[in-house]
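Enquirer: Quick one, structure for this:
(one chain, ligands or ions: 1)
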Amino acid sequence: LTLGDLAAALAERESWQLEIGFGKGRHLLRSAVAHPETGFVGIEVAAEYFRLVASRATRQALDNVVLIRGDALQLLSVYLPARFADAVHVYFPDPWPKSRHHKRRLFDPETVDLVVGALRPGGRLFVATDHVEYGEAICAALESHANLRVERLATPWPDGARTNYESKYLEEGRPILRLIGERAPSNSAHDRLHPAGERGIVEAWPRQADPATVVGHVLPGAADPVGRSRAAAERAQHRESSTTGS
Ligand SMILES: C[S@@+](CC[C@H](N)C(=O)[O-])C[C@H]1O[C@@H](n2cnc3c(N)ncnc32)[C@H](O)[C@@H]1O
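Expert: Okay, here's the model as predicted:
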């Protein structure tokens, strides 16, 4: 699958959802069957799960599923377009409990913008975890994000256990934290980053009277492969019209 192939696949449908770490694919495949008009992108790093779900999707002749095997953080940063998903699902993400490994977490303050960035404005993030410490860290990272409204669910999902891990943990009686985050509807060029992401911007130019109005905003097209390619196309068009004089 090349970047062009993915862009062509995404252009075929109006509505897309993303699931990160789909495991045995229960939620992804059920959703794809229930909503044939919606496209579902699944990311999974484990080859065994990826092949299992790919063969199930083939057997069920699903034409609304795109599966990508790879590391989610890398794929989100270099491959998937920003703001393409109406919903992002992350069920029982690996907690990486050692603090020196926290940057591998999907919901570390340093990485959370990659996940939130995949959501279109107004899109929703669904997360579940049984890991108490990581669950609190996820809440803190999401609740301190200016672009998200976060709700902790007091009851299970209305549709029942969504994944294999969830059904196993329910049987074991483990407490499960379920969250829904909603990305603010906003002017896409002026989205806020998580405060940790804002601190990561060392300098920005041109400067404005109040540097806070520059630092802390995503510059148009930055961190957005689609925006970058659109900007590049506009520059090329401008060069062409200035050479032809049209
Ligand atoms: C605890 S399992 C949960 C699986 C499934 N979501 C469920 O609830 O049954 C975590 C899954 O995330 C996948 N995973 C972990 N880190 C990942 C990463 N960086 N990128 C993509 N998938 C990842 C693992 O291979 C595994 O399938």
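Enquirer: got the end-to-end distance for stretch 4-21?
Expert: Distance across stretch 4-21, first residue to last, is 23 Å (CA to CA, to the nearest Å).
Enquirer: for that stretch, the distance to its chain's centre please.
Expert: In terms of CA atoms, centre = their mean, to the nearest Å, the centre of stretch 4-21 is set 12 Å apart from its chain centre.
Enquirer: Name the residues that touch it?
Expert: 27-28, 31, 37-45, 64, 66, 72, 79-81, 84-94, 106, 115, 118, 226 (CB atoms under 8 Å, 6 or more residues apart in numbering). For every residue, glycine as well, the C-beta is placed using N, CA and C.
Enquirer: how about the strands in the chain?
Expert: Applying DSSP state E to the chain gives strands spanning 16-20, 39-44, 65-69, 85-91, 119-129, 148-152, 177-183.
Enquirer: ok, which residues in the protein are in contact with the ligand?
Expert: 20-23, 43-46, 49, 71-73, 91-92, 94, 163-166 (CB under 6 Å from any ligand atom).
Enquirer: Make JSON lines out of the strands of the chain and add mean neighbour count, distance to residue 54 and mean pLDDT.
Expert: Formatted as JSON lines, these follow (neighbours: other CB atoms under 10 Å; distance: least, CB to CB, whole Å; pLDDT from 0 to 100):
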{"stretch": "strand 16-20", "mean neighbour count": "25", "distance to residue 54": "14", "mean pLDDT": "98"}
{"stretch": "strand 39-44", "mean neighbour count": "25", "distance to residue 54": "9", "mean pLDDT": "98"}
{"stretch": "strand 65-69", "mean neighbour count": "19", "distance to residue 54": "5", "mean pLDDT": "97"}
{"stretch": "strand 85-91", "mean neighbour count": "23", "distance to residue 54": "18", "mean pLDDT": "98"}
{"stretch": "strand 119-129", "mean neighbour count": "20", "distance to residue 54": "23", "mean pLDDT": "97"}
{"stretch": "strand 148-152", "mean neighbour count": "15", "distance to residue 54": "32", "mean pLDDT": "95"}
{"stretch": "strand 177-183", "mean neighbour count": "19", "distance to residue 54": "28", "mean pLDDT": "97"}
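Enquirer: quick one on the thing from earlier: which among the residues of the chain next to the ligand count as buried?
Expert: In the residues of the chain next to the ligand, burial by neighbour count holds for 20-23, 43-45, 49, 72-73, 91-92, 163, 165-166, counting by 16 or more other CB atoms under 10 Å.
Enquirer: Just the ones of the residues you listed in helices?
Expert: Mapping these onto helices (DSSP state H) picks out 49, 72, 73, 165, 166.
Enquirer: for this protein, what spans make up the helices?
Expert: Using DSSP H, helices in the chain cover 3-11, 26-34, 47-59, 72-78, 112-117, 132-143, 164-172, 195-199, 225-244.
Enquirer: tell me, which of these is the model least confident about?
Expert: Lowest mean pLDDT within the helices of the chain: helix 225-244, a mean of 44.
Enquirer: CA atoms of stretch 26-35 as PDB?
Expert: Extracted in PDB, the C-alpha atoms of stretch 26-35 (Å, rounded to 0.1, in the frame of the first residue of the first chain):
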ATOM      1  CA  ARG A  26     -13.700  -8.400  16.700                       C
ATOM      2  CA  HIS A  27     -14.700  -4.800  16.900                       C
ATOM      3  CA  LEU A  28     -13.200  -3.800  13.600                       C
ATOM      4  CA  LEU A  29     -14.900  -6.600  11.600                       C
ATOM      5  CA  ARG A  30     -18.200  -6.400  13.300                       C
ATOM      6  CA  SER A  31     -18.300  -2.600  12.700                       C
ATOM      7  CA  ALA A  32     -17.400  -3.100   9.100                       C
ATOM      8  CA  VAL A  33     -20.200  -5.600   8.500                       C
ATOM      9  CA  ALA A  34     -22.700  -3.400  10.400                       C
ATOM     10  CA  HIS A  35     -21.800  -0.200   8.500                       C
END
